[in-house]
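*Asks:* One predicted model, sequence on top.
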Amino acid sequence: MPQIIDKKINQEKNWITLDNAAKLFPAISNRELTSVFRLTAVLQKPVVYQALKESVETTSGRFPYFSVSLRSGFFWHYLEYINKPPRIHPEGDIPCVAFAVKRKGEPLFRILARDNRISVEFIHILTDGSGAFEYFKSLLFTYLNLTGSKLVASEGLMLPGTPVRAEEQEDGYLRFFSRLPPPRNLVKAWHVPFRLNEKPRLRTLRAEIPVAEILKEARKYNVSITEYVTAVYMFSLQKIYLEEKAKGHRQKRKVLRCEVPVNMRNKYPSMTMRNFSLFVMPEIDLRLGIYEFDEVVRSVHYQIRAESETKQITRFLSSNVHYEKLLMIRILPLFMKKMAIAAIYRGLGSRRSSGIITNLGNITLPMGMEALIDNIHVTPTPPNTQVRVTCSIVSYKGIMNICFSNLTEKKDLERHILTHLASAGIKVKITDNK
C-alpha cells in the first residue's frame, strides 16, 4: 500500500537531500552551463496572467518537493522547503538562463508566458524531463479550468487535491542501488570543431516532422524513432568529420558517441518525481573505416538495445551511487567535493560524448486538453563547450518537435540532420531559427 503523506512533508526537518544525479549540478553549473531545460505549450488563446498566477500557486502546492531552494551544509548541498511558488516571467529571447541557486528562498524552477505560450523551466537539481512534465500537465489542466474550459479530471494527472505519495520524493538511485561490476571505460569522443559564439552563446533551431512519416522510415530499418534519429545524428557527425579531414584538419579523436537518456521509471517500479534517468552511449569508431548509413543504423540499434537492458544500464547506477557511499568521499568537506566533481566532469564527463539526444516520447493529454493546446515542445539544457550542440525530441498530436541547442557560429550539424531526413522523403518544417 503506497504511503500517503501530507503536503507539508518533512515539516519537522524542513529539508531534503539531493538525489544522486542532482549532486553533480551545483558543482558544474554556471551562467553558461546552466543545467536548465524548458517545456513549452502553445495554446489556442492568449495567456491570461491572473489565471496563470492562481494556477501556479494552486499547482505548486501539489508538488511540495519542487518548492525548495538550494542550501549548503558542511558535507553536502541540500534542498530547503520554502513553501513559495515560482515566479512568472515574460519569455525572453534566450531560453534556459541560469538560476540564482545561491539565493536563499529562491525556487529552482520558473514559469514563463508570452502571447499564447506557457513555459516552465527547471534546473536538473530538481528533476528530469519526466518529472517536470507531470508538474506541467497539472499546471496546464488547472489553468485551462480557471479560464473556463471545465475539464474533467483524468486518471494519471497529478492534480491539486490528490494525495501526495511519499514515493514521489524518493531517490530512485539509492533505492535500487546494488553492487555491480562497473561499466566499461570509454575513450574520449570526437567533437564538432566549430568556433564558439560570443557570449551569450546559446542559439536554438526548432523543426516539426510528421510522426507517421519518420516512423515509416524507421520501420524500414526495423528500429525505433529514437534509434533512427540517433543514427541520423551520428551519420551527420561523420559527414562533418570527413569534411574537416578533407580540409586538411587533423582529427586526433576518431570515436563518435552519443548520450541517449533512458527513463529508469520504465525499468524499475518508482513513482519518483525527482531525477531518475541514466544514459546509454552508442558509438561508431572511425578507426575501423567509414560507415554507410545502414551500418550506422544497425550498430546504433543493437548497442541501444543491449545497453538499455536493465542488468546493463544498472551498472551505471551502481557505479554512480558507489562513489557517493565511499567513506572517503562522505567525509570530505563540501568545497572539496565540488572541486573534485568539477574536475572529473571537465576531464571525463564533458569529453565522453560527441552529442546528446533526448527523446521525451509521445505526450498524450485528456481529449479536452488536447483540443486547447496546439503544440508542445522542449528546449534542451545548453551544452557544454566541448559537446557544443545537443538535441531534444518530443511528439504531440502526430507532430515530432525537434530542437537543437547550439553554442557555435555554424549550424552544419542541424543542416546535415534535417537534410538527411528530407532526402528520405520526410517533410521537415523549420519553425524557429534564432
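*Replies:* Arrived safely, thanks for sending. Numbers count the residues shown, from 1 in each chain.

*Asks:* elements contacting the helix or strand where residue 136 lies?
*Replies:* Assigned by DSSP states H and E, residue 136 falls within helix 129-146. Helix 129-146 sits against strand 36-43, helix 49-62, strand 109-114, strand 117-123, strand 355-363, helix 367-370, with contacts defined as 3 or more Cβ pairs under 8 Å, 6 or more residues apart in numbering; DSSP states H and E. Quick note: C-beta positions are derived from backbone N, CA and C, even for glycine.

*Asks:* Make JSON lines from these and add distance to residue 334, mean pLDDT and mean neighbour count to it.
*Replies:* Formatted as JSON lines, the helices and strands packed on helix 129-146 follow (distance: least, Cβ to Cβ, whole Å; pLDDT from 0 to 100; neighbours: other Cβ atoms under 10 Å):
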{"stretch": "strand 36-43", "distance to residue 334": "22", "mean pLDDT": "98", "mean neighbour count": "23"}
{"stretch": "helix 49-62", "distance to residue 334": "28", "mean pLDDT": "96", "mean neighbour count": "18"}
{"stretch": "strand 109-114", "distance to residue 334": "23", "mean pLDDT": "97", "mean neighbour count": "20"}
{"stretch": "strand 117-123", "distance to residue 334": "18", "mean pLDDT": "98", "mean neighbour count": "23"}
{"stretch": "strand 355-363", "distance to residue 334": "28", "mean pLDDT": "96", "mean neighbour count": "21"}
{"stretch": "helix 367-370", "distance to residue 334": "43", "mean pLDDT": "90", "mean neighbour count": "14"}
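
*Asks:* Now residue 430: phi and psi?
*Replies:* The phi/psi pair for residue 430 (degrees, to the nearest 10) reads phi -80, psi 120.

*Asks:* who touches it in this structure?
*Replies:* By Cβ atoms under 8 Å, 6 or more residues apart in numbering, the contact list for residue 430 reads 205-207, 418.

*Asks:* before we move on, back to that, need the next SSE after the helix holding residue 136, C-terminal direction.
*Replies:* Counting by DSSP H and E, what follows helix 129-146 is strand 164-165.

*Asks:* Which strands or helices does that next one pack on?
*Replies:* So strand 164-165, by 3+ Cβ pairs under 8 Å, 6+ apart, packs with strand 4-5.

*Asks:* ok, 6 Å please
*Replies:* If you count contacts as 3 or more Cβ pairs under 6 Å, 6 or more residues apart in numbering; DSSP states H and E, strand 164-165 packs onto no helix or strand.

*Asks:* for the record, mean pLDDT for that strand?
*Replies:* Regarding strand 164-165, the rounded mean pLDDT is 94.

*Asks:* Likewise for stretch 19-35?
*Replies:* 92.

*Asks:* For it, buried residues please.
*Replies:* 19-29, 32-35 (16 or more other Cβ atoms under 10 Å).

*Asks:* what's the span of it, first residue to last?
*Replies:* 15 Å (Cα to Cα, to the nearest Å).

*Asks:* With stretch 40-50 instead?
*Replies:* 19 Å.

*Asks:* Make residue 1 into 45 and carry on from there
*Replies:* Fine by me, first position is 45 from now on; the one you just mentioned is stretch 84-94.

*Asks:* which residues touch that stretch?
*Replies:* 157, 159-163, 184, 191, 416-421 (Cβ atoms under 6 Å, 6 or more residues apart in numbering).

*Asks:* list the contacts for residue 347?
*Replies:* Shown in contact with residue 347 (Cβ under 6 Å, 6+ apart): residue 326.

*Asks:* Residue 232 - that's part of a strand, no?
*Replies:* No - applying DSSP: H, G, I helix; E, B strand; the rest coil, one finds residue 232 to be coil, outside a strand.

*Asks:* What segments of the stretch 345-478 of the chain are helices?
*Replies:* 354-369, 371-374, 378-391, 411-414, 456-467 (DSSP state H, counting those that start in this stretch).

*Asks:* quick revisit: of the contacts of stretch 84-94, which is the nearest to residue 466?
*Replies:* Residue 466 has its nearest neighbour among these in residue 421, at 19.5 Å by Cβ to Cβ.
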